[in-house]
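> okay, here's the prediction I keep looking at, along with the sequence it came from:
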Amino acid sequence: MKRSLSITAILLSFTCVAFLGWSASAVALESSPDSYLLAQVDPNSRDLRDRIDPKKIDRRDDQSSSSIYLSRASKGIGKEGLTECHGEFAYCGASTCKPTGKKIKVKEDGGKTTREYDEAACKCPIITKKMAVDNGVALHGIAAVNEGNMNGSCQPPSKGTIWSYAELELQVWPQESAKWESKQMVGQVCPAGTKGVNCWNYLCKIDPKPTANGVKTATCFCPIGEGYIGHPAGGNESFVTSAGAYFSNPSSACSMYPVSGPVPSQ
């Protein structure tokens, strides 16, 4: 059964915010994840709740299984800007990253402008059909195909590449902090000053070898310090993440460039 799309999973850059439990070292939130996210607006103060209407999601098949796009072209973030892309994808919600020393160009506001950020490389699991079946969901992710460094299509630009998306209903997937065993998502809040990474809508290179336990992974190249829709994080927000959940000290992930989303300051 398909649930209505929540701003929660979309705008936290793959961070799982319907947390079933917080790690012992996590900073507790005074209200539910939905409450602080539903209050969030983009830099232009438009109503994001209206823009995440599930009836306006563009649904496309992965071209490896079908050559037909199932609906109208997407127009980036906007009332027709989210696309349901079918097929395998990288999911970075519980990954940490390493700076590359390079810059990455990021689209803003549906590709109208761009901005450069410091780049990080993040190792992320590839979500397969079996993982989707195990979670009781279809194999698809939600993307804003004219944001990040996407170019209007769900189709990867070349062999050996894959896009990173968000998935609203994924609860269990291979966790970096659990040595790539599939685990339930668990979240924590990292303090203000954390150098967070956004990996929603970015290109990844499929790693040539799986992990020791057979998980396919991809290295995704993502911006450090991006907030939402291409705009920089403010600097005084805390960051919510699922990275590090199964480390002996989960909060150590906060200093490891976690894939995360800023929580608006009060």
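Yep, it's here.
> any stretches of the stretch 101-250 of the chain with poor pLDDT?
Applying pLDDT under 70 to the stretch 101-250 of the chain flags the ranges 229.
> now do the helices in it.
All helices of the stretch 101-250 of the chain, identified by DSSP state H, counting those that start in this stretch, fall at 129-135.
> report the buried residues of the longest strand that the chain contains.
In the chain, taking DSSP state E as the definition, the longest strand is strand 113-127. For strand 113-127, a neighbour-count test (16 or more other CB atoms under 10 Å) marks 117-127 as buried. All C-beta spots, glycine's among them, are computed from the backbone N, C-alpha and C.
> with respect to residue 225, which of those residues is nearest?
The nearest member of those to residue 225, counting by CB to CB, is residue 117 at 5.9 Å.
> re the thing from before, distance to residue 249 for the buried residues of strand 113-127 - can I get that in CSV?
Formatted as CSV, the buried residues of strand 113-127 follow (distance: CB to CB, whole Å):
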residue, distance to residue 249
117, 28
118, 26
119, 27
120, 21
121, 23
122, 20
123, 20
124, 22
125, 22
126, 27
127, 27
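> thinking again about what came up before, show me what the longest strand of the chain is packed up against.
For strand 113-127, the packing partners by 3 or more CB pairs under 8 Å, 6 or more residues apart in numbering; DSSP states H and E come out as strand 89-90, strand 97-108, strand 172-175, strand 217-223.
> paired strands for the last one, with orientation please.
When pairs are called by DSSP bridges, strand 217-223 turns out to pair with strand 113-127 (antiparallel), strand 202-206 (antiparallel).
> now the first one and strand 97-108, what's the angle there?
Relative orientation of strand 113-127 with respect to strand 97-108: 130 degrees, computed using axes from the mean of the first three to the mean of the last three CA atoms, to 10 degrees.
> do the same with the last one
Here strand 202-206 points in a direction 140 degrees away from that of strand 97-108 (the same axes, to 10 degrees).
> would you mind listing the buried residues in strand 202-206?
Neighbour-count burial for strand 202-206 flags 202-206 (criterion: 16+ other CB under 10 Å).
> which residues are in contact with that strand?
With contact meaning CB atoms under 8 Å, 6 or more residues apart in numbering, strand 202-206 is reached by 90, 124, 126, 148-150, 156-157, 160-164, 216-223.
> those, buried ones only, as a PyMOL selection?
Here is the PyMOL command that picks out the buried ones among those, judged by 16+ other CB under 10 Å:
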select buried, resi 90+124+126+148+149+150+156+162+163+164+216+217+218+220+221+222+223
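> check contacts around residue 165.
By CB under 8 Å, 6+ apart, the residues touching residue 165 are 14, 85, 89-91, 141-143, 200-201.
> beta partners of residue 219?
Beta bridges link residue 219 to residue 123, residue 205, judged by DSSP bridges.
> make sure it is actually in contact with residue 123.
Yes. Using CB atoms under 8 Å as the test, residue 219 is close enough to residue 123 to be in contact (5.7 Å).
> between those two, what contacts are shared?
Here residue 219 and residue 123 have residue 207 as joint contacts, going by CB under 8 Å, 6+ apart.
> for stretch 199-208, measure first residue to last.
20 Å (CA to CA, to the nearest Å).
> same thing with stretch 163-174?
End-to-end distance for stretch 163-174: 17 Å, by CA to CA.
> which of the contacts of residue 165 lies closest to residue 240?
Residue 240 has its nearest neighbour among the contacts of residue 165 in residue 14, at 11.0 Å by CB to CB.
> would you say residue 253 is within a helix?
Yes. Residue 253 forms part of a helix when assessed by DSSP: H, G, I helix; E, B strand; the rest coil.
> ok so, going back, most neighbours of all the contacts of residue 165, which one?
Neighbour counts for these (other CB atoms under 10 Å) peak at residue 14, which has 33 neighbours.
> and it, what pLDDT?
For residue 14, the model assigns a pLDDT of 37.
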